[in-house]
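1. fold the stuff below for me.
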Amino acid sequence: MKKARICSSRTHALFLLLICFVTRLDAQQPSANRPAQPTATPGQTQQPSAPQPAQPVPQEGQPEGQQIQGPPPGFDRVLLTDPNAKPRAMTVDEAISLALRQANAYAQAQFDERVAAEDLKQSRAAFLPRFTMPFTYFGTTPSQVHEEGEPLIYSYVSSSAINETIALFNAAGEIDLAGRLHAAVSRNRNLLAAARAGSLVARRTLALDTVDAYYALVLARQKRRLAEETLSLAEGFLKVTEGFVQRGEDESEGADLLRARAIVASRRDELEQARAGELAAMNTLRVQTGVDFATPIDVTRIAQNLPTAADFLNFTEDQIRQRPELSQLDFQKRAALDDARAAKGDRLPQLTYSLNGGFDAADFRPLKRYAGGSAIVTLTIPIFDFGASKSRETQARLRAQSLDAQRELMLRQIRQEFYTARGQALTALTRIKETDAGVAAAQRNLTLVFAHYRAKKATITDVVDAQSAFADARLAYFQAIVDYHTAHFRLEQSLGK
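-> Residues are numbered from 1 along each chain as shown. Just a heads-up that it's a prediction; the model follows:
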């Protein structure tokens, strides 16, 4: 009778502990009797709240002076920041918006776009005359040959006086007979369009990196919360087992206590690893978004806005031709063909003009006598340049052919990205349903294992392992949701959206 009372007391204590824990976990799982959320599908698993981890239990035989010191009081080991700091709530769209305002490859691409716009302005200005005002003084020594009594004259035949002053208002330019200037304008216009497409490519890459960092933090936080729950249950079993040992009710001669301590140590190590992973993921997102490292980031709940198959009805392969990568290569090819046109124009006649108005005088008193205007028109006919312009034309056409090959390769890569992202998203939909069912099965298994423990057909280790399997099933469910969101975003980006 005494032995039966001891077993009854032991099992009742553990039964109450497990019932409380499973009841709390069950409140976070889907239920057929609970009304469905407006944005979730049936069987949705809600994200559990994070319990406070229990204090570590000192090990037997460990000297008091050699105990490992934990972090100082008031120090948040989860965030490694000031515990009084106010967390910053952030959605994935806000994270992308913040990332776009930081110094990164996207900002550099925008500078390249502005540089290309200035090149276009310069090529358009080549059609207009260039106005200048040259002021020239030209002095020579007097001629050494002169008649006695006659005034000194200049020594250079090209001069009109010993002291000659020239002041002109000049307008010079080129008449585009060969089409070189038009080719330059078209080239720079296409390069500007290519730079704009490059900015969109850089924006897409930055958005993908930010989404990956955001959902990595979402999943890392969920892992930490599950690790805290697993540790909380293991520590609860350890306290119950220690109570049995103190009252002399343990029939296993301390074996259950040792196993319980080993399990607690393992769960505590898993929790610290999860905390380190969460901190690393948060720091990565901080770098992407520019949030201060002293500010905690609060992300959205992982199980919100669960997907459906209807999300893929508007995704077709034809839409991948809208990708900015393809547009960028198209504009670069056009610019290369414009270079070929400009090189060909070097072998055609070129017409330039220069209009002047001013004076060329040796004495300012009769200045009106030496003032007037002039016009110079020059037609330059190329004869032979040893094949330099022909080589530049061939080089530009080869570059255009190379861009054609790059576009074909890029199109195949984009198609591969499209079908891969679509396959991952559709697979994630199936995994969400399967892992949701796995969560329910793992929860029932936990209840059955505890019933076996009451019937002395299972050990404490079996119960804790069942709870760990339950946590793993929930983590797989959340992993499937994260994989869906990242794959769905990549699918949208693969279509140029």
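
2. check which helix or strand covers residue 449.
-> Under the criterion of DSSP states H and E, residue 449 resides in helix 388-454.

3. list the buried ones in the following helix or strand past that helix?
-> Per DSSP H and E, helix 388-454 leads on to helix 460-494 as the next helix or strand towards the C-terminus. Residues of helix 460-494 classed as buried: 460, 463-464, 466-471, 473-494 (neighbour count, 16 or more other CB atoms under 10 Å). In short, each C-beta sits where N, CA and C put it, glycine included.

4. please work out the average pLDDT along the helix holding residue 449.
-> Averaging pLDDT along helix 388-454 yields 89.

5. helices or strands up against it?
-> Secondary-structure packing of helix 388-454 (3 or more CB pairs under 8 Å, 6 or more residues apart in numbering; DSSP states H and E): helix 2-26, helix 324-345, helix 460-494.

6. quick one: that helix to helix 324-345, angle?
-> Angle, helix 388-454 to helix 324-345, by axes from the mean of the first three to the mean of the last three CA atoms, to 10 degrees: 170 degrees.

7. heads up, I number from 6, so please use that
-> All set: I'll call the first residue 6, so the last point we hit is now helix 393-459.

8. ok and helix 393-459 relative to helix 465-499, angle-wise?
-> Using the same axes, to 10 degrees: helix 393-459 against helix 465-499 is 150 degrees.

9. distance from the chain centre to helix 393-459, please.
-> Relative to the chain's own centre, helix 393-459 is displaced by 17 Å; criterion: CA atoms, centre = their mean, to the nearest Å.

10. how many neighbours does the closest residue to residue 457 other than its chain neighbours have?
-> Leaving aside its sequence neighbours, residue 457 sits nearest to residue 463 (CB to CB, 6 or more residues apart in numbering; 4.0 Å). By the criterion of other CB atoms under 10 Å, residue 463 has 17 neighbours.

11. contact partners for residue 463?
-> Residue 463 makes contact with 454-455, 457, according to CB atoms under 8 Å, 6 or more residues apart in numbering.

12. so residue 362 touches residue 173, yeah?
-> Yes - look at residue 362 against residue 173 with CB atoms under 8 Å: they come within range, at 6.6 Å.

13. residues contacting the residue lying closest to residue 384 once chain neighbours are set aside?
-> Once flanking residues are discounted, residue 384 sits nearest to residue 356: 5.3 Å by CB to CB, 6+ apart. Residue 356 sits next to 179-180, 182, 382-385 when contact means CB under 8 Å, 6+ apart.

14. what are the bridge partners for residue 356, then?
-> Counting by DSSP bridges, residue 356 is bridged to residue 180, residue 384.

15. circling back: tell me which of residue 362 and residue 173 has more neighbours.
-> Taking neighbours as other CB under 10 Å, residue 362 and residue 173 compare with residue 173 leading, 18 against 14.

16. re the thing from before, tell me the pLDDT of the residue nearest to residue 384.
-> The per-residue pLDDT reported for residue 356 equals 91.

17. if I look at it, how far off is residue 383?
-> Note on residue 356: its distance to residue 383, by CB to CB, to the nearest Å, is 7 Å.

18. go on, residue 471?
-> In this view, residue 471 and residue 383 are 95 Å apart by CB to CB.

19. where do the strands of the stretch 206-355 of the chain begin and end?
-> Using DSSP state E, counting those that start in this stretch, the strands of the stretch 206-355 of the chain run over 302-304, 355-366.

20. residue closest to the middle of the chain?
-> residue 211 (2.4 Å; CA atoms, centre = their mean).

21. quick one: the closest residue to that residue other than its chain neighbours from residue 351, how far?
-> Residue nearest to residue 211 in three dimensions, not counting chain neighbours: residue 111, with 4.8 Å by CB to CB, 6+ apart. Applying CB to CB, the value for residue 111 to residue 351 is 38 Å.

22. the more surrounded of the two?
-> residue 111 (21 against 16).

23. show me what contacts that one?
-> By CB under 8 Å, 6+ apart, residue 111 lies in contact with 105, 204, 207-208, 210-211.

24. can you tell me the SS state at it?
-> Classification of residue 111 using DSSP: H, G, I helix; E, B strand; the rest coil returns helix.

25. confidence score at it?
-> pLDDT for residue 111: 80.

26. I figured residue 297 hits residue 291, correct?
-> Yes - judged on CB under 8 Å, residue 297 makes contact with residue 291 at a distance of 7.4 Å.

27. neighbour count: the two, which is higher?
-> residue 291 (20 against 9).

28. how about that one: what's its closest non-neighbour residue?
-> In this structure, residue 291 finds its nearest non-sequential neighbour in residue 298, 5.7 Å apart by CB to CB, 6+ apart.

29. how near is the one you found to residue 290?
-> 11 Å.

30. who has more neighbours, those two?
-> Neighbour comparison, residue 298 and residue 290: the larger count goes to residue 290, with 23 against 11 (by other CB under 10 Å).

31. contacting residues for that one?
-> By CB under 8 Å, 6+ apart, residue 290 lies in contact with 100, 215, 218-219, 221-222, 296, 302.

32. please redo it, this time with the cut-off set to 10 Å
-> Going by CB atoms under 10 Å, 6 or more residues apart in numbering, residue 290 touches 95, 100, 103-104, 215, 217-223, 296, 302, 304.

33. also residue 231?
-> 53, 55, 275-276, 279, 473, 475-477, 479-480, 483.

34. okay, these in a markdown table with distance to residue 117 and pLDDT next?
-> Converted to a markdown table, these look like this (distance: CB to CB, whole Å; pLDDT from 0 to 100):
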| residue | distance to residue 117 | pLDDT |
| --- | --- | --- |
| 53 | 47 | 36 |
| 55 | 45 | 35 |
| 275 | 47 | 90 |
| 276 | 47 | 91 |
| 279 | 42 | 92 |
| 473 | 52 | 81 |
| 475 | 53 | 88 |
| 476 | 49 | 85 |
| 477 | 48 | 88 |
| 479 | 47 | 89 |
| 480 | 43 | 89 |
| 483 | 40 | 89 |
